[in-house]
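Undergrad: missing the sequence, but the structure's below:
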């Protein structure tokens, strides 16, 4: 399955010069929000999952409302995104058993550690170096499922 | 400043114990403000590029730098901007920490919980097609039924798991 022929990635050739700066800006806002909400601290996430402090609901659903406004309003203003020329659309994921299986496995991991991918990266930014153990674990997990699925597909 | 996240605010044994204080002992301001910024970051990227970014695809897209395995190749085209997005998340959190936190904050959660949890998160988010940001923020934001089912599933299992871990006396 591994071929060394360089792929032509349409997304990578002729990108708008502002593409990467805007991605970086979006990441900065995203990470700032995760740190400001204290979701970057596993203890705070565990307090939420143990139903001690439900404030984290406001982070996920607050963010979903703001992004949902953008998903709903921006396509009415323009047809295509200025930096990529791509049509605004709902990139809906198909539903199958994997959504449930993966959700259960992710939920187990989230409940054990209090760490999810975004909050894990942000945690590194607030100086929480032990989080590297969790991020390393995530890479191992992502690799293992890749090995398994390359085999079964 | 909130220094010890494990210390709960003294449980008010007043008779007038409002439901709000029980559910939100730390208030909701920091959470709402944080959520606003997370949503804003997603919105800025979407408005400029039509991309709805999630955080967990970064794991597989970055693996393409070191692995030729077929499963990861679908993320090859996005691996550079996903890396930049993740660097942005780290730096954005660092900006907050430098200005308002003032010092390095480290977790007391035990290493085996971080490791075991991390591996399961890595497997689960990739099989389940998304995480708290991909399904939770972008998926719910675009009213995706798949994402709603995903969020309900991982939220319910995570709450049950955390309850069991707590009941077993594992702290922190």
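TA: Looks like it arrived, so ask away. For clarity, every value in this text was computed on a predicted model and none was experimentally measured. Numbering: from 1, shown residues only, chains lettered A, B, ... in the order given.
Undergrad: for the nearest residue to residue B:88 once chain neighbours are set aside, what are its contacts?
TA: Counting by Cβ to Cβ, 6 or more residues apart in numbering or on different chains, the nearest residue to residue B:88 once its immediate chain neighbours are dropped is residue A:27, at 1.9 Å. No exception for glycine: its C-beta is placed from N, CA and C like everyone else's. By Cβ atoms under 8 Å, 6 or more residues apart in numbering or on different chains, the residues touching residue A:27 are B:41, B:84-89, B:91-92.
Undergrad: Swap in 10 Å and give it another go.
TA: The neighbours of residue A:27, taking Cβ atoms under 10 Å, 6 or more residues apart in numbering or on different chains as the test, are A:118, A:121-122, B:41, B:44-45, B:53, B:55, B:81-93.
Undergrad: check which helix or strand covers it.
TA: helix A:19-36 (DSSP states H and E).
Undergrad: pLDDT weak spots in chain B?
TA: B:1-17 (pLDDT under 70).
Undergrad: Helices of that one, start to end?
TA: B:19-23, B:29-49, B:57-63, B:79-96, B:111-127, B:140-141, B:145-167 (DSSP state H).
Undergrad: and the ones you listed as a markdown table, adding distance to residue A:100 and mean neighbour count?
TA: Output for the helices of chain B, formatted as a markdown table (distance: least, Cβ to Cβ, whole Å; neighbours: other Cβ atoms under 10 Å in any protein chain shown):
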| stretch | distance to residue A:100 | mean neighbour count |
| --- | --- | --- |
| helix B:19-23 | 28 | 12 |
| helix B:29-49 | 25 | 24 |
| helix B:57-63 | 19 | 24 |
| helix B:79-96 | 25 | 23 |
| helix B:111-127 | 10 | 25 |
| helix B:140-141 | 17 | 23 |
| helix B:145-167 | 6 | 19 |
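Undergrad: need those in JSON lines with distance to residue A:23, can you?
TA: Converted to JSON lines, the helices of chain B look like this (distance: least, Cβ to Cβ, whole Å):
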{"stretch": "helix B:19-23", "distance to residue A:23": "36"}
{"stretch": "helix B:29-49", "distance to residue A:23": "6"}
{"stretch": "helix B:57-63", "distance to residue A:23": "12"}
{"stretch": "helix B:79-96", "distance to residue A:23": "5"}
{"stretch": "helix B:111-127", "distance to residue A:23": "20"}
{"stretch": "helix B:140-141", "distance to residue A:23": "18"}
{"stretch": "helix B:145-167", "distance to residue A:23": "22"}
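Undergrad: For residue A:56, find the nearest of the ones you listed.
TA: Residue A:56 lies closest to helix B:29-49 among the helices of chain B, at 6.3 Å (Cβ to Cβ).
Undergrad: For the closest one, what is the distance to the chain centroid?
TA: On the basis of Cα atoms, centre = their mean, to the nearest Å, helix B:29-49 sits 13 Å off its chain's mean C-alpha point.
Undergrad: one step back: how about the helix holding residue A:27: buried residues?
TA: Judged by neighbour count (16 or more other Cβ atoms under 10 Å in any protein chain shown), helix A:19-36 contains these buried residues: A:19-20, A:22-36.
Undergrad: can you give me the offset of it from its chain's centre?
TA: 12 Å.
Undergrad: so after that helix, what's the next helix or strand?
TA: Later in the chain than helix A:19-36, the nearest helix or strand by DSSP H and E is helix A:42-49.
Undergrad: what packs against that next one?
TA: Here helix A:42-49 touches helix A:56-77, helix A:97-113, helix A:117-125, helix B:29-49, helix B:111-127, helix B:145-167, going by 3 or more Cβ pairs under 10 Å, 6 or more residues apart in numbering or on different chains; DSSP states H and E.
Undergrad: give me that answer again for 8 Å
TA: If you count contacts as 3 or more Cβ pairs under 8 Å, 6 or more residues apart in numbering or on different chains; DSSP states H and E, helix A:42-49 packs onto helix A:56-77, helix A:97-113, helix A:117-125, helix B:145-167.
Undergrad: Which one of those lies nearest to residue B:18?
TA: Minimum separation from residue B:18 across the helices and strands packed on helix A:42-49 (Cβ to Cβ) falls at helix A:56-77, 17.2 Å.
Undergrad: quick one: the closest one near chain B?
TA: Yes: residues of helix A:56-77 contacting chain B under Cβ under 8 Å from any Cβ of the partner chain: A:56-71, A:74.
Undergrad: What sits closest to the residue positioned nearest the centre of chain A if chain neighbours are left out?
TA: The centroid of chain A falls nearest to residue A:118 when counting by Cα atoms, centre = their mean (5.5 Å). Spatial nearest neighbour of residue A:118, chain neighbours left out: residue B:55 (3.7 Å); criterion: Cβ to Cβ, 6+ apart.
Undergrad: Contacts only, for residue 64.
TA: Since you didn't name a chain, this refers to chain A. Residues in contact with residue A:64 (Cβ under 8 Å, 6+ apart) are B:39, B:136-137, B:140-141.
Undergrad: that's the wrong chain, I wanted chain B
TA: Residue B:64 makes contacts with B:72-73, B:75-76, B:79, as judged by Cβ under 8 Å, 6+ apart.
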